[in-house]
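Trainee: Structural data only, the sequence is not supplied:
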């Protein structure tokens with residue numbers, strides 16, 4: 001589903017940026033670059049989220065009050 005949406009979106013952007021006179025190979029190259037850019041942004045977003053989660057877990061202090069810490073982790077994952 002996401003792949004189809006991404007293909008459609010990159011195709012529309014390529015059509016608007018390049019115009020109707022652009023060659024098919026130029027359209028394909030732009031679509032591939034747009035697709036790679038979106039994929040790279042997705043990976044970057046994942047890494048930022050993972051980094052933020054790691055910092056949060058390090059500051060909870062599981063060794064002192066395990067029950068309360070487990071509740072906090074459970075509530076954070078729901079929200």
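Mentor: That came through, no problem. These figures come from a predicted structure and were not determined experimentally.
Trainee: all helices of the chain, in order?
Mentor: In the chain, the helices defined using DSSP state H lie at 2-18, 24-60, 66-78.
Trainee: among the ones you listed, which gets the worst mean confidence?
Mentor: Among the helices of the chain, helix 66-78 carries the lowest mean pLDDT, at a mean of 63.
Trainee: Put together a markdown table for the helices of the chain, with mean neighbour count on each row.
Mentor: Any C-beta I mention is one placed from the backbone N, CA and C, and that applies to glycine too. Listed next are the helices of the chain as a markdown table, based on neighbours: other Cβ atoms under 10 Å:
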| stretch | mean neighbour count |
| --- | --- |
| helix 2-18 | 12 |
| helix 24-60 | 12 |
| helix 66-78 | 11 |
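Trainee: who's in contact with stretch 6-23?
Mentor: Defining contact as Cβ atoms under 8 Å, 6 or more residues apart in numbering, one finds that stretch 6-23 is touched by 26, 27, 30, 31, 34, 35, 38.
Trainee: can you do 6 Å?
Mentor: Outside of stretch 6-23, the residues within contact range by Cβ atoms under 6 Å, 6 or more residues apart in numbering are 27, 30, 31, 34, 35.
Trainee: The spatially most central residue of the chain and residue 16, how far apart?
Mentor: Geometric centre of the chain, nearest residue: residue 42, 2.4 Å, by Cα atoms, centre = their mean. Distance of residue 42 to residue 16, given as Cβ to Cβ, to the nearest Å: 22 Å.
Trainee: ditto for residue 50
Mentor: 34 Å.
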